[in-house]
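**Student:** This is the structure alone, sequence omitted:
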């Protein structure tokens with residue numbers, strides 16, 4: 001039998017970074033993402049975020065890819081948000097996402113970072129946060 005544990009810090013934003021995930025719906029959306037993940041065999045250790053984005057700390061199963069998991073999480077959650085009319089406008093996620101591997105020894109640090117998003121964003125925007133993550137991990141892309 002094959003075994004694998006690959007931790008990933010996945011971040012994705014609302015379409016055009018619109019602040020749809022206000023305090024009134026944010027917790028329900030994050031709980032739903034976790035519950036839906038269980039149904040789809042996606043292990044989500046932590047899910048949290050702010051008005052315009054979500055952070056997930058997840059473990060990939062041996063037959064899962066980051067792309068598949070991101071698509072399952074984002075597609076089903078946007079469908080659920082629209083079905084339940086949680087936003088006035090039609091809800092959608094941006095197509096892109098940020099994903100980076102996480103070492104076992106760093107799980108608590110990353111989980112703490114994810115769990116403290118609200119206080120973290122009292123001081124900076126999602127764009128500033130994303131630019132810093134990209135720099136820290138040496139990704140050679142330009143954030144928009």
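**Tutor:** Cool, the structure landed. Just so it is clear, the structure is predicted and the values come from calculations on it, not from any experiment. Residues are numbered from 1 along each chain as shown.
**Student:** Walking through the chain, point out its strands one by one.
**Tutor:** Per DSSP state E, the chain carries strands over the ranges 6-13, 43-50, 53-60, 98-102.
**Student:** among these, which is the most enclosed?
**Tutor:** Highest mean neighbour count among these (mean count of other C-beta atoms under 10 Å): strand 53-60, with a mean of 22. Bear in mind the C-beta positions are built from the backbone N, C-alpha and C, glycine included.
**Student:** what lines up beside that one in the sheet?
**Tutor:** Using DSSP bridges, strand 53-60 pairs in its sheet with strand 6-13 (antiparallel), strand 43-50 (antiparallel).
**Student:** quick one: contacts of that strand?
**Tutor:** Residues outside strand 53-60 that contact it (C-beta atoms under 8 Å, 6 or more residues apart in numbering) are 4-14, 17, 21, 29-30, 33, 37, 42-49, 66, 69, 73, 102, 107, 110-111, 113-114, 117, 126.
**Student:** What average pLDDT does it get?
**Tutor:** Average pLDDT, strand 53-60: 96.
**Student:** Show the low-confidence segments of this structure, by residue range.
**Tutor:** Under the criterion pLDDT under 70, the flagged ranges of the chain are 120-121, 124, 126-127, 130, 134, 137-144.
**Student:** at 80 instead, please
**Tutor:** For the chain, the stretches flagged by pLDDT under 80 are 1-4, 119-144.
**Student:** Go ahead and flag the most central residue of it.
**Tutor:** Nearest residue to the geometric centre of the chain (C-alpha atoms, centre = their mean): residue 55, 3.2 Å.
**Student:** Show the contacting residues for the closest residue to that one other than its chain neighbours.
**Tutor:** Among residues not flanking residue 55 along the chain, residue 114 sits closest, at 4.4 Å (C-beta to C-beta, 6 or more residues apart in numbering). Shown here is residue 114, whose contacts under the criterion C-beta under 8 Å, 6+ apart are 9, 46, 47, 48, 55, 56, 57.
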